[in-house]
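J.: Sequence below, structure please.
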Amino acid sequence: MTSANGSSQQVEVMLPSRLLFLGVPDAILMELAGDLPFEQKDIDELSTAVIEACTNAMEHGNGMEQERRVELHFRFAPDEIRVTVLDQGAGFDFRNWQPPDGLMRERGRGITIMREFTDELTFDHAPDGRFRVQLVKRHPRQD
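T.: Numbers count the residues shown, from 1 in each chain. Below is the predicted model of the structure:
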């Protein structure tokens, strides 16, 4: 999904903090990334990572309070897909986060999954104070 000059296209979405809406970012990625030169495996991995980020935003950031929104910004370009997820929570101490012991745990694997399925993953606070997660999947260069 690029313009005639090859520049990126953007989509923004606001979701209530209800797990029912986790299919929305997946549908957006599947529909719009299909026009880019990415392998389906890469799109699937990014989708899984974005769903994890949205789940964390709804549960931990917004406390499942339906009036609190999760905001998503998608940027589609031929060389990368960038997704930003913002919630209205205080965030967590991402600088000192440690992965949980044992990958077979029922909970606590989301950040590990996001790291494994993206080329770049950052956590910070947006200028307005909201907690922000940025996920990037880059297209491998064709030599």
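J.: Pull out the buried positions in the helix or strand of the chain with the lowest mean pLDDT.
T.: Least confident helix or strand, the chain: helix 110-117 with a mean of 89, by mean pLDDT, DSSP states H and E. Using 16 or more other C-beta atoms under 10 Å as the burial criterion, the residues of helix 110-117 that qualify are Gly110, Ile111, Ile113, Met114, Phe117. Quick note: C-beta positions are derived from backbone N, CA and C, even for glycine.
J.: Look up which helix or strand the spatially closest residue to the fourth one that is not a sequence neighbour falls in, please.
T.: Spatially, and ignoring its direct neighbours in sequence, Met114 is nearest to Ala49 (4.4 Å; C-beta to C-beta, 6 or more residues apart in numbering). In this assignment (DSSP states H and E), Ala49 forms part of helix 40-56.
J.: Next secondary structure after that helix?
T.: strand 69-76.
J.: Report how many residues lie close to the residue nearest to Arg132 when sequence neighbours are not counted.
T.: Ranked by C-beta to C-beta, 6+ apart and with sequence neighbours excluded, the top spatial neighbour of Arg132 is Ala126, at 4.6 Å. When neighbours are counted by other C-beta atoms under 10 Å, Ala126 registers 11.
J.: Touching, Ala126 and Gln88? I think so.
T.: No: using C-beta atoms under 8 Å, Ala126 makes no contact with Gln88, being 10.6 Å away.
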